[in-house]
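Engineer: Just a sequence and a predicted model for now, questions to come.
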Amino acid sequence: MSEESLRSEADVTGEEHWTNKGDIKLFLWEKYVDSPADKKGTIVFVHGSSMASQPTFDLHVEGRPYSSVMNWFALQGFDTWCVDMEGYGRSDKDRDDHFLISNSADDLKAACDYIIQTRGIDKVDLYGISSGALRAALFAQRNPDMVNRLAMDAMVWTGEGSPTLENRRKKLPEFKANRRRPIDLDFVRSIFSRDHPGCAEDKVVEAFAEAICALDSSIPNGTYIDMCENLPVVDPIKITMPSLIMRGQWDGIAGMEDLLKFFNLLPNPDKQFKVMSGISHASFQQINYLMAYQILHTFLTQPEPIYKG
């Protein structure tokens, strides 16, 4: 039996970090076992439009092992990180701005510069969910030399075939008129009822909602504006590293045909498209969350191709 298999979540260490993007303070959270050195990889998790990073990636739910994806990957031998984008969570949120996806890609540049320098590594692995996938992809497009592997979950490219975005566009004038929108427990619950009710346990939804609302009572409108009128914000031809697209079976944002077109244009032949059975939008809070973890882990740990033709 390997040493990793004998470890438990109690063996995972969490460490708080801060960095700056100009005058803006950004909060980073790191988790690892024993030491952050000599790991299988360094993975940076990128949150979506409606919540900060820790509720998404370091959630704890009684009776649900490994609700924290950071804990799970730390126990597999990874150094794991997440960062609150400007406008969210513990990062600065006072600037009078919508905080568009491009701004978040700048946040990721500052965060990954810090991680690479602090841990003495060359590149990071990136996972982004929903608009976090767009943030991660745009950062990777701009900084390909900093990214080893890129995973994009619940992403949208042009917006075609997305019933959620079709409904959201009706409120575009409201989003553009206001920098932020209020959120509450019911709003978070609606994320799990809009596509296919039953994909997540009630206790998980409640824990997720409470964790989100403990950090933020309002969130920026920038990603909603981008996703309603500025798509596409990412060019697949310019994403040159090995890539994974993850799409929940019941996801109302990530249109299947839209993503397949995006996938076909990715130039690196080391690419995968995975449909996750029984999952809607928020993969790591679903009943089938461990399946999502395994798909991501397999992608991040697969050997590099020896023969490339």
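Structural biologist: On my side now, so go ahead. Residues are numbered from 1 along each chain as shown.
Engineer: And stretch 34-51, end to end?
Structural biologist: Taking CA to CA, to the nearest Å as the measure, stretch 34-51 stretches 29 Å from start to finish.
Engineer: residues of it that come out buried?
Structural biologist: Going by neighbour count (16 or more other CB atoms under 10 Å), the buried part of stretch 34-51 is 36, 39, 41-51. C-beta: built from backbone N, CA, C; applies to glycine.
Engineer: Let me see the mean pLDDT of that stretch.
Structural biologist: Computed over stretch 34-51, the mean pLDDT rounds to 97.
Engineer: Stretch 284-299 too?
Structural biologist: The average pLDDT within stretch 284-299 is 98.
Engineer: and the most far-flung residue of the chain relative to its centre, what pLDDT?
Structural biologist: Distance from the C-alpha centroid of the chain, by CA atoms, centre = their mean, peaks at residue 309 (33.2 Å). For residue 309, the pLDDT comes out at 87.
Engineer: Closest one to residue 281 out of the buried residues of stretch 34-51, please.
Structural biologist: Checking these against residue 281 with CB to CB, the nearest one is residue 48 at 8.9 Å.
Engineer: Next, that closest one: secondary structure please.
Structural biologist: coil (DSSP: H, G, I helix; E, B strand; the rest coil).
Engineer: Now the helix or strand encompassing residue 17: buried residues?
Structural biologist: Mapping residue 17 onto the secondary structure by DSSP states H and E places it in strand 12-21. For strand 12-21, a neighbour-count test (16+ other CB under 10 Å) marks 12, 19, 21 as buried.
Engineer: Let me know the closest of the residues you listed to residue 139.
Structural biologist: residue 21 (12.5 Å).
Engineer: Is that closest one in contact with residue 112, as I believe?
Structural biologist: No: under the contact definition of CB atoms under 8 Å, residue 21 does not touch residue 112, with a separation of 11.4 Å.
Engineer: And residue 158, how close does it get to residue 135?
Structural biologist: 17 Å (CB to CB, to the nearest Å).
Engineer: Residue 273 in helix, strand or coil?
Structural biologist: Applying three-state DSSP: residue 273 is strand.
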